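Peer 1: could you work out the structure for the sequence below:
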Amino acid sequence: MVVIAGEDRHDRRLLRTLLEEFCPDVRGRLVEIRDSVRLRAASGERLAERARTLVRKAKARAEREGARLACVFVHEDLDRPADDDYFRLRQRVQDALCQAAGTAHYVLAAAEVEAWLLLFPDALASFNSSWLVPRQYRGRDTALLPKPKEILRSRLSRRGSGVRYRESDAPEIIREAIRLGTIHKPTGTNRSWTALRDAAVECCRSHVRRDSVV
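Peer 2: Below is the predicted model:
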C-alpha cells in the first residue's frame, strides 16, 4: 500500500494522478491521509517527531486496508524559487521520513505545484481554450519562477474570457496532459518534477512490484 500526504486535497489528487501514471501497478493500492504537513520549516527533534507522527498515521491507514506500507509520499510546496540549497533541504526532510518509515519520498514542489503545470502549455490550452501560456514562460526552468500560481491566475492570455485558474483545476490539467500524451515530454524543466518522477519509478520498481509478487 502506498500512502499519500499533502498540503490539501487538490495536491493529494494531483499526486495520486501522477503516481498512477508513473507507476500503473499502484492503481488500487493508493490511499490518503488528510493530516496537515508541516515538515519543511522544522529541524532537529521537532522535524523527527513530526515525521514519526506522520508515518505512524500512514502505517495505521495502511493497516486499516489490511496491507503493509510500501511507500509514503509526502508533498509540500517550497513557496519560493529553487536555489542551490534545494536538494539539501529536500534530503534533510526525506532522511527524517525514511528514518521513521523505512521507505519515504518527500515531494518538495518548487516553487509550488503550479510550476509543474507550466511545463504543459498544450494541456492548459486544452483544458480551457481561452488560455494561452505566454512565450516567456515556455521552455523555462519553472522551478526558478517565483510565483507560478500568480502566472496562471493573471498572466494567461484569456482572449476576453473571465475564467481564471483555480487550485482545484490542477489535477484535471495533469489529467489533460496525460490524455494528450505530453506528460512524459514536458516543455521546460523543473528539478522537483524530475525528482517526483524518479521517486515514483523507484518506489514502483523496488517496493510496489515486489509486494505484488510476495
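Peer 1: quote the end-to-end distance of stretch 22-40.
Peer 2: 25 Å (Cα to Cα, to the nearest Å).
Peer 1: swap in stretch 136-156?
Peer 2: Stretch 136-156: ends 11 Å apart by Cα to Cα.
Peer 1: neighbours of Asp25, how many?
Peer 2: 15 (other Cβ atoms under 10 Å). C-betas here are computed from N, CA, C, even on glycine.
Peer 1: what is the burial count for Cys71?
Peer 2: Around Cys71 there are 28 other residues, counting by other Cβ under 10 Å.
Peer 1: how about the residue nearest to it when sequence neighbours are not counted, what does it touch?
Peer 2: Once flanking residues are discounted, Cys71 sits nearest to Cys203: 4.1 Å by Cβ to Cβ, 6 or more residues apart in numbering. With contact taken as Cβ atoms under 8 Å, 6 or more residues apart in numbering, Cys203 is in contact with Val2, Cys23, Val26, Ala70, Cys71, Phe73, Thr103, His105.
Peer 1: among these, which one sits closest to Leu47?
Peer 2: His105 (16.2 Å; Cβ to Cβ).
Peer 1: what score does the residue nearest to Cys71 have for pLDDT?
Peer 2: You'll see Cys203 listed with a pLDDT of 91.
Peer 1: try Gly102
Peer 2: The model's pLDDT for Gly102 equals 91.
Peer 1: next: Val214.
Peer 2: 37.
Peer 1: so the residue nearest to Cys71 sits in a strand?
Peer 2: No - per DSSP: H, G, I helix; E, B strand; the rest coil, Cys203 lies outside any strand segment and is helix.
Peer 1: okay, the contacts of Cys203 in JSON lines with secondary structure and distance to Arg92 next?
Peer 2: As requested, the contacts of Cys203 are exported to JSON lines (DSSP: H, G, I helix; E, B strand; the rest coil; distance: Cβ to Cβ, whole Å):
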{"residue": "Val2", "secondary structure": "strand", "distance to Arg92": "23"}
{"residue": "Cys23", "secondary structure": "coil", "distance to Arg92": "25"}
{"residue": "Val26", "secondary structure": "helix", "distance to Arg92": "26"}
{"residue": "Ala70", "secondary structure": "coil", "distance to Arg92": "23"}
{"residue": "Cys71", "secondary structure": "strand", "distance to Arg92": "19"}
{"residue": "Phe73", "secondary structure": "strand", "distance to Arg92": "17"}
{"residue": "Thr103", "secondary structure": "coil", "distance to Arg92": "17"}
{"residue": "His105", "secondary structure": "strand", "distance to Arg92": "14"}
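Peer 1: would you turn those into a markdown table with distance to Arg138?
Peer 2: Below are the contacts of Cys203 laid out as a markdown table (distance: Cβ to Cβ, whole Å):
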| residue | distance to Arg138 |
| --- | --- |
| Val2 | 33 |
| Cys23 | 28 |
| Val26 | 31 |
| Ala70 | 37 |
| Cys71 | 33 |
| Phe73 | 28 |
| Thr103 | 36 |
| His105 | 29 |
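Peer 1: among these, which ones are buried?
Peer 2: Among these, those buried by neighbour count (16 or more other Cβ atoms under 10 Å) are Val2, Cys23, Val26, Ala70, Cys71, Phe73, His105.
Peer 1: cool, thanks, signing off.
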